[in-house]
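J.: Prediction below, plus the sequence it came from.
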Amino acid sequence: MGPFEYLLMFVGVILGLAVSDLAISLHRLLGAGPRVRWDALAPLAALVALLKILTQWWNWFSTAQIARGLTFGMFLGVVAGTVMLFLLAATALPDEIGEGPVDLAAHYQAVSRRFWLLFAAEFTLMTGIEIWAQMAVFHARFDPHTLLSPVFGIIAASVALAFLRNRPIHAIALVGLIALYLAQSFGRSLTG
């Protein structure tokens with residue numbers, strides 16, 4: 001097993017726990033049956049978290065060459081980003097169901113700021129690690145125009161969503177991210 005596999009295995013455990021948390025939370029909601037007042041935003045946030053996890057895992061297979069040049073500092077950044085991704089997934093759906101009614105609209109309202117700030121922080125950190133690794137491993141030069149790329153637009157929009165309480169805009173953002181994650185990975189295979 002090479003360095004890439006060790007890195008992938010370690011962060012894979014964290015990502016596996018994130019998917020498990022989503023599945024357990026969904027199981028509890030389904031088990032609560034009629035006590036749950038369903039709302040679209042929390043399940044959409046959970047789907048965004050799941051797709052973010054899956055695309056992150058999938059994209060790591062194309063970074064095997066970069067993994068050989070990772071420093072310990074870069075590795076700490078990857079682990080921190082992976083933990084943020086776990087926290088993002090854990091935020092999307094309620095963990096505790098209790099005996100009373102469960103209102104998913106109220107849950108999303110209560111956690112949306114944390115969800116979007118975690119999204120922005122994880123996205124920023126992982127983008128920074130990717131730029132750092134490409135500069136270190138491939139001796140790529142940093143282009144200041146990168147700051148104007150759509151990636152940084154997504155980060156700015158995520159921070160704005162943390163403070164904006166407009167449900168239709170949140171729904172559009174969540175559906176847009178779902179479409180983006182599906183579109184960027186649709187048709188890709190592990191070998192190419």
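T.: Nice, I can see it.
J.: Helices of the protein, residue ranges please.
T.: Secondary structure of the chain, counting by DSSP state H: helices at 3-32, 41-60, 64-67, 72-92, 104-138, 150-163, 167-185.
J.: Of all the ones you listed, which one is nearest G98?
T.: Checking the helices of the chain against G98 by Cβ to Cβ gives helix 3-32 as the closest, at 8.8 Å. For glycine as for every other residue, the C-beta is placed from the backbone atoms N, C-alpha and C.
J.: Show me what the closest one packs onto, helices and strands only.
T.: helix 41-60, helix 64-67, helix 72-92 (3 or more Cβ pairs under 8 Å, 6 or more residues apart in numbering; DSSP states H and E).
J.: go again using 10 Å as the cut-off
T.: Contacts defined by 3 or more Cβ pairs under 10 Å, 6 or more residues apart in numbering; DSSP states H and E place helix 3-32 against strand 36-37, helix 41-60, helix 64-67, helix 72-92, strand 102-103.
J.: Can you tell me which of these has the worst average pLDDT?
T.: Ranked by mean pLDDT, those end with helix 64-67 at the bottom, a mean of 68.
J.: picking up where we left off before, distance to G98 and mean neighbour count for the helices of the chain - can I get that in JSON lines?
T.: Formatted as JSON lines, those follow (distance: least, Cβ to Cβ, whole Å; neighbours: other Cβ atoms under 10 Å):
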{"stretch": "helix 3-32", "distance to G98": "9", "mean neighbour count": "15"}
{"stretch": "helix 41-60", "distance to G98": "16", "mean neighbour count": "20"}
{"stretch": "helix 64-67", "distance to G98": "43", "mean neighbour count": "16"}
{"stretch": "helix 72-92", "distance to G98": "17", "mean neighbour count": "20"}
{"stretch": "helix 104-138", "distance to G98": "12", "mean neighbour count": "18"}
{"stretch": "helix 150-163", "distance to G98": "27", "mean neighbour count": "15"}
{"stretch": "helix 167-185", "distance to G98": "24", "mean neighbour count": "15"}
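J.: residues in contact with the residue positioned nearest the centre of the chain?
T.: Most central in the chain under Cα atoms, centre = their mean is K52, positioned 4.1 Å from the mean C-alpha point. When contacts are counted by Cβ atoms under 10 Å, 6 or more residues apart in numbering, K52 is found next to L15, A18, L85, L88, A89, F119, E122, F123, M126, L177, I178, Y181.
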